[in-house]
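Undergrad: Sequence unavailable; structure follows:
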């Protein structure tokens, strides 16, 4: 059974005064993601791929449809039930500089997930493990975001997403704002992390070459619909 | 030290790309050429435009060079357009102020230029905020080309644009250049842009130019280890990564700046700074022979 | 946000800001130590020496009831400063709390609150202050209440605007992805990031409030005689502008200097805490 199954997901946005204008961001989208695998979502801007990622995570509320994660249906969860969702699915964002609170040191930003979801574990130890996992220099933990490069921040972003040991990481254009070499390093790193931890990726990107390089299967979106589904390898 | 020992020549109507990653100092180079750096910047050396040193000119002389002589398109088109003027007026302003035409004629020519870059007539009186990023960039190009400059410096002209927009912008840059015979310096990290638009490319690392070759040859056969790392990381070559990070411009290592990451390094590399070695076509800054 | 140097050391390097700081310090000392600095009783009248110009015994002269002006000014300093401090703190705290709520929660709460704010901001603040003050009556406490009620909408609007834009930042989304409770996100991510502009506005507001308080007292509301609030002193000096201008002059001068001092320090703070470092960073990219 696949780890993640999305059925008939739809989302409409209303804009304008009194909600006059309507945009169908997602229309009856079905996708599947297996354990330890990467599903690539490719399409031009406005195709709905980012919206899909956020609806699955319930950062945006879908209008209709079902999201099954490991036997649990996510769209019907309410209030407290959603709290544990953070341990199952996390996100890496497009903009490395905006991903961290500029007033917090990196250590505290990485510690935040552990402070919102306290467990018995030693906070410092977990953070050091994560930092090692993403090849980030420990010295950087004392710094502020503006003192770090885009590549370092994006690696830290992956560390933060992984620290609660989620089953799925939704990567929304994780390398689009990175330079050529840094992008290659980041893609390698994401592969490595997947190999070590078995995490699954929902890899969203507008560049089909990157998507094909990273994904086990690829889904193409346009105008809120899936227009193509392909096995990449 | 953001730029160190930069030497380059550009012929009339020629084209060159400055290829480099974030933080290598390429934007600063572009601005230095047009003398657009903030007050605290110290610039040494000379920038000869048509035989005259731009850096030694007075403010007045500089004003006549900027615009008709050299023009620059900045990275963020939204920030470069006046939000309070419609786009036609902004282009017309160039004809009026720089070329001294009458208002009516300027408006006509502005309209033509906007159409030339693909902005439909019904939108000529719209304001910048009503346009998408790609269209704003086209307006910038309209303004830049209406200046009729002999040299255009374009800083990341396709940054943040999707595939369709990028192709349109590059097409425009190419055709407008051909029509007017202006020289082009493109500052970019994108190899596609460099190969589409330029004959020569110079790779920049940590404030220095490390290799200068004809663009095609550079991409097929990079010589400098950094250039190789960049080319290897391209999608068409399989995103092969090279470890290490660019040093910050504020703390440069001794000797060759790439040495710490270089697979070919020797002891000498951390001691001596390499000077440009001539190659068959172009040069490379590296101490290792037979590279 | 890079300045690690302590503010009281950094300000020494700016002569204009230092002037402002000096003025503030002097006025504060006056406010706290007035009884020690002057031997005259600010309330003691002596009609035989009324309306005298500056002299050795009375450096600022005497007022219309023969009271020493300098001591009245010194004793009055505390009213001016406490008005500014209390009013600004209360309106900032209330305004910020409402702005955070309105901006983050949005929806009907936001709609309702912003209409209230719009209505209040539609009135010229002096009219609003006058009306509220008139309804409440004169007196120091009523003055404080009236001014606080006039000022809070400005903070609400500012903080709401900041909150709306901060809500869209990726790091706030990341905190939402953690399913952190709303209180957590607002307290740890939104509030600290609105503090910079907020503090700067507060500094400016202090100056603004002082003028207001003086104006209200001048118009007969707020503080009443014989309380030596600077605005009342100014008012009492008005009938004597041609015969004994020193009363109005010194009172007016003290108000102006204090407001100027606070504004100068405020601009310095704004320059210091502005992300001016970004200018260099942009060029480096």
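TA: Ah, there it is. Everything quoted here is computed from the prediction, not taken from an experiment.

Undergrad: Whichever residue of chain B sits closest to chain C: how many residues sit nearby?
TA: Closest residue of chain B to chain C, Cβ to the nearest Cβ: residue B:22 (5.5 Å). Every residue, glycine included, has its C-beta placed from N, CA and C. Neighbours of residue B:22 under the rule other Cβ atoms under 10 Å in any protein chain shown: 17.

Undergrad: Surely it and residue A:177 touch.
TA: No. Counting by Cβ atoms under 8 Å, residue B:22 stays clear of residue A:177, with 9.5 Å between them.

Undergrad: In a helix, the residue of chain B closest to chain C, correct?
TA: No. Under DSSP: H, G, I helix; E, B strand; the rest coil, residue B:22 falls outside any helix and is assigned coil.

Undergrad: And the helices in the chain?
TA: Picking chain A for this. A:49-56, A:106-116, A:123-133, A:150-162, A:180-197, A:208-214 (DSSP state H).

Undergrad: was after chain C, sorry
TA: C:7-10, C:15-37, C:69-105, C:107-122, C:125-136, C:140-167, C:170-177, C:182-185, C:191-218, C:230-237, C:246-273, C:277-284.

Undergrad: who's in contact with the fifth one?
TA: Which is helix C:125-136. C:120, C:142-143, C:145-147, C:149-151, C:212, C:215-216, C:219, C:221-222 (Cβ atoms under 8 Å, 6 or more residues apart in numbering or on different chains).

Undergrad: make it 7 Å
TA: With contact meaning Cβ atoms under 7 Å, 6 or more residues apart in numbering or on different chains, helix C:125-136 is reached by C:120, C:142-143, C:145-147, C:149-150, C:212, C:215-216, C:221-222.

Undergrad: Stretch A:175-184 now?
TA: Contact partners of stretch A:175-184, identified using Cβ under 7 Å, 6+ apart, comprise A:94-96, A:150-151, A:154, A:186-187, A:205, A:210, B:21-22, B:189, B:229-230, B:233-234, B:239-242.

Undergrad: Just the buried ones out of the residues you listed, please.
TA: Among these, the ones that count as buried by 16 or more other Cβ atoms under 10 Å in any protein chain shown are A:94-96, A:150-151, A:154, A:186-187, A:205, A:210, B:21-22, B:189, B:229-230, B:233-234, B:239, B:241-242.

Undergrad: Residue A:78 is in contact with residue A:58, correct?
TA: No. Applying Cβ atoms under 7 Å, one finds residue A:58 not in contact with residue A:78, separated by 10.6 Å.

Undergrad: More neighbours: which of the two?
TA: residue A:58 (18 against 6).

Undergrad: re earlier: would JSON lines of the helices of chain A with mean pLDDT be doable?
TA: Below are those laid out as JSON lines (pLDDT from 0 to 100):
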{"stretch": "helix A:49-56", "mean pLDDT": "93"}
{"stretch": "helix A:106-116", "mean pLDDT": "96"}
{"stretch": "helix A:123-133", "mean pLDDT": "94"}
{"stretch": "helix A:150-162", "mean pLDDT": "96"}
{"stretch": "helix A:180-197", "mean pLDDT": "95"}
{"stretch": "helix A:208-214", "mean pLDDT": "93"}
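
Undergrad: Need the phi and psi values for residue B:264.
TA: Note on residue B:264: backbone dihedrals following degrees, to the nearest 10 are phi -100, psi 10.

Undergrad: Please apply the same query to the one 3 residues further on.
TA: Here the main-chain torsion angles of residue B:267 (degrees, to the nearest 10) amount to phi -60, psi -40.

Undergrad: same check, this time on residue B:185
TA: Torsion angles, degrees, to the nearest 10, at residue B:185: phi -120, psi 120.

Undergrad: quick one, what contacts residue A:54?
TA: So, once contact is read as Cβ under 7 Å, 6+ apart, residue A:54 ends up touching residue A:60.

Undergrad: Please report how far it lies from residue B:113.
TA: 41 Å (Cβ to Cβ, to the nearest Å).

Undergrad: cool, and residue B:195?
TA: 27 Å.

Undergrad: Wait, residue A:70 touches residue A:2, no?
TA: No. Residue A:70 sits out of contact with residue A:2 when judged by Cβ under 7 Å, with a separation of 9.5 Å.

Undergrad: between these two, who's got more neighbours?
TA: residue A:2 (16 against 13).

Undergrad: State the pLDDT value of the residue in the stretch 1-150 of chain B that chain A sits nearest to.
TA: The stretch 1-150 of chain B approaches chain A most closely through residue B:21 (3.9 Å), counting by Cβ to the nearest Cβ. Looking at residue B:21, its pLDDT is 89.

Undergrad: Which residue comes closest to it once chain neighbours are left out?
TA: Distances taken as Cβ to Cβ, 6 or more residues apart in numbering or on different chains place residue A:179 nearest to residue B:21, at 3.9 Å, with adjacent residues excluded.

Undergrad: try residue A:221
TA: According to Cβ to Cβ, 6+ apart, the nearest residue to residue A:221 is residue A:43 (3.8 Å).

Undergrad: With residue C:76 instead?
TA: residue C:228 (3.9 Å).

Undergrad: Quick one: residues contacting that neighbour.
TA: For residue C:228, counting by Cβ under 7 Å, 6+ apart, the contacting residues are C:42, C:72, C:75-76.

Undergrad: what's the first-to-last distance across stretch B:260-279?
TA: End-to-end distance of stretch B:260-279 (Cα to Cα, to the nearest Å): 24 Å.

Undergrad: Can you name the residues in contact with that stretch?
TA: B:223, B:225, B:242-244, B:253-256, B:259, B:283-288, B:291.

Undergrad: Out of those residues, which sit inside strands?
TA: B:283-285 (DSSP state E).

Undergrad: Among the residues you listed, name the buried ones.
TA: Applying a neighbour-count criterion of 16+ other Cβ under 10 Å, the buried members of the ones in strands among the contacts of stretch B:260-279 are B:283-285.

Undergrad: Give me the more crowded residue out of residue B:195 and residue B:113.
TA: When residue B:195 and residue B:113 are compared for neighbours, residue B:113 comes out ahead with 22 against 14, by other Cβ under 10 Å.

Undergrad: In the strand or helix carrying the more buried one, which residues are buried?
TA: Following DSSP states H and E, the helix or strand that holds residue B:113 is helix B:103-116. Of the residues in helix B:103-116, B:106-107, B:109-111, B:113-114, B:116 count as buried by neighbour count, 16+ other Cβ under 10 Å.

Undergrad: now chain C, which segments are flagged as low pLDDT?
TA: Where chain C drops to pLDDT under 70, the residues are C:1-6, C:272-285.

Undergrad: Check it and tell me which residue is nearest its centre.
TA: Centroid check for chain C by Cα atoms, centre = their mean gives residue C:206 as the closest residue, at 1.2 Å.

Undergrad: quick one: pLDDT of residue B:82?
TA: Listed pLDDT for residue B:82 reads 91.

Undergrad: for it, phi and psi?
TA: phi -70, psi 120.

Undergrad: what distance separates the start and the end of stretch C:125-145?
TA: Start-to-end, stretch C:125-145 (Cα to Cα) is 14 Å.

Undergrad: in it, what counts as buried?
TA: Going by 16+ other Cβ under 10 Å, stretch C:125-145 has these buried residues: C:125, C:128-130, C:132-133, C:136, C:140, C:142-145.
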